[in-house]
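Enquirer: model the following, please.
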Amino acid sequence: AVDACPAGNNGTRDIIELPAGTYRIENGDSFEHILNGETHIRGAGMNQTVIVRTDLNAHDYIFAIMSTGTLTLQDMSIRQFSQNRRAESYNYGGPLMNFGTLRMYGVAMQGNSVRNGGAALVHEGQQAEIYSSVFAGNDGDTERGDAITNRGNMTLVNNAFRGNDEAIRNEAPLRANYNC
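Expert: Modelled structure (predicted):
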């Protein structure tokens, strides 16, 4: 389900438990995971399991969910993803690029910065569902939106958007309830 690796458990979803701690992606590390199957990554808590990437010259997403992929993120933070994207076909977006299905429960996307919009998430896929999550201090630096660029079906329920110049650039169906 990740890169060229087959899904575990006879084709069922892969479940990855990330214990409490800070997981640093350092300068020069290649950490783009291309997801084609179903993967569930569960942390220990929004402020207990933290993924940090601070490579200003990065050009990879942390997770790229392909059209056949499903990623569920739960109880973690993704912080300080800073990217100076080179000229590519998709030269925007922060740590998450979704062409498939993305579900987020209790995830904080904080302090992510990119040059061309979607500092936390670019959604161009089939479905994105985000529940009880926080988007704070994300900077997309253009008219494409700071925290989220949405070009697919998206549902937002009980999320907090704080300190983003623009929370969402929406170009597709969006259902939102109790977001502030």
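
Enquirer: which stretches of this protein form helices?
Expert: 8-11 (DSSP state H).

Enquirer: low pLDDT regions in it?
Expert: The model of the chain has pLDDT under 70 over residues 1-12, 27-32, 54-60, 83-92, 142-145, 178-180.

Enquirer: who does the residue positioned nearest the centre of the chain bridge with?
Expert: Closest residue to the average C-alpha location of the chain: residue 96 at 3.0 Å, with C-alpha atoms, centre = their mean. Residue 96 has the following beta-bridge partners by DSSP bridges: residue 63, residue 121.

Enquirer: and it, what does it touch?
Expert: Listed by C-beta atoms under 8 Å, 6 or more residues apart in numbering, the contact partners of residue 96 are 61, 62, 63, 65, 78, 102, 109, 120, 121, 122. (Glycine included, C-beta is placed from N, CA and C.)

Enquirer: isn't the first one up against residue 95?
Expert: Yes - in this structure, residue 61 sits in contact with residue 95. The criterion is C-beta atoms under 8 Å, and the distance is 6.0 Å.

Enquirer: what two of the contacts of residue 96 are the furthest from one another?
Expert: Within those, 65 and 109 form the most distant pair, 15.1 Å apart (C-beta to C-beta).

Enquirer: the two: which is more packed in?
Expert: Taking neighbours as other C-beta atoms under 10 Å, residue 65 and residue 109 compare with residue 109 leading, 30 against 25.

Enquirer: I figured the more buried one hits residue 137, correct?
Expert: No - assessed by C-beta under 8 Å, residue 109 is found out of contact with residue 137, at 9.2 Å.

Enquirer: residue 154: neighbour count?
Expert: Residues near residue 154, counting by other C-beta under 10 Å: 23.

Enquirer: not counting its neighbours along the chain, what's nearest it?
Expert: residue 128 (4.5 Å; C-beta to C-beta, 6 or more residues apart in numbering).

Enquirer: specify the beta-bridge partners of that neighbour.
Expert: residue 102, residue 154.

Enquirer: and the residue nearest to residue 77 when sequence neighbours are not counted, what does it touch?
Expert: Nearest non-adjacent residue to residue 77, counting by C-beta to C-beta, 6+ apart: residue 108, 4.1 Å away. By C-beta under 8 Å, 6+ apart, the contact list for residue 108 reads 46, 47, 76, 77, 78, 79, 133, 134, 135, 136.

Enquirer: will you turn these into a markdown table that also has distance to residue 176?
Expert: Shown next, in a markdown table, are the contacts of residue 108 (distance: C-beta to C-beta, whole Å):
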| residue | distance to residue 176 |
| --- | --- |
| 46 | 20 |
| 47 | 24 |
| 76 | 22 |
| 77 | 22 |
| 78 | 21 |
| 79 | 24 |
| 133 | 12 |
| 134 | 15 |
| 135 | 12 |
| 136 | 17 |
